[in-house]
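Asker: I'd like to go over a predicted model; first the sequence, then the structure.
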Amino acid sequence: MVFSAGIILVAGGICACAPLFKRVSQALGRALSILGFAVGILVLIVAVDYALSLGFLSGAISDAVASSTSSPYLKYFLPAMILLGVLLISRPIRNVRWASLLSLALGLLIAYFLRTFLPSLFTSTTVLVVVFLIATLAIYVLLRFVEDLFEFIGSVLAFPPIAIAIGLVNIYFGILFFSV
């Protein structure tokens, strides 16, 4: 199945303009946000593949992406595509507190692996609890910083005028892809 980068950008741009459609219908705005999450993942995969010249999607993405470097109008589509992907992914998961769940799971795994692979050093349960608490706290502090940073970027990008502007720019780039 061949995807056109233009179609991906137009679909992502429409999903980014969900605040406009939310005024018409709350259910339509919510559906565009959910659809936008999947489109955002696809947009980021295509952007990373193109930015790093990996060529994994060379058979799946049409030749408009390959010819885009020759067009002076499309030299800024990659940053716009990355912003679109981050916007679409961050919108539905912005309020999920994943740092605490991940740090708890990793702290338990660290304590389990230390107990399994070094049983002679960690015979006491008290030492394992202290290792668990230290590991969990250290991982939580790091992940919480990343979570706060992601939430800030998501909040800025989800501000309706910014989201609509990003959506319209990507719709424009998508239409330019059709004309290449």
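Answerer: Right, received. Where do you want to start? Numbering: from 1, shown residues only.
Asker: only C-alpha atoms for contact and neighbour calcs from this point on.
Answerer: OK.
Asker: Phe132 contacts Ala111, doesn't it?
Answerer: Yes: the pair Phe132 and Ala111 qualifies as a contact (CA atoms under 8 Å) at a distance of 5.5 Å.
Asker: hey, which helix or strand in the protein has the poorest pLDDT?
Answerer: Of the helices and strands making up the chain, the lowest-confidence element is helix 18-22, at a mean of 82, by mean pLDDT, DSSP states H and E.
Asker: Buried residues in the helix or strand immediately after that helix in the chain, which are they?
Answerer: Per DSSP states H and E, the first helix or strand lying C-terminal to helix 18-22 is helix 26-51. Within helix 26-51, the residues that qualify as buried by neighbour count (16 or more other CA atoms under 10 Å) are 29-30, 32-34, 36-37, 39-47, 50.
Asker: can you map out the helices along this structure?
Answerer: Taking DSSP state H as the test, the helices found in the chain are 5-16, 18-22, 26-51, 77-93, 98-117, 125-158, 160-179.
Asker: Please identify the most buried of those helices.
Answerer: Most buried of the helices of the chain by mean neighbour count (mean count of other CA atoms under 10 Å) is helix 5-16; its value is a mean of 25.
Asker: That helix - what's its average pLDDT?
Answerer: Mean per-residue pLDDT for helix 5-16: 87.
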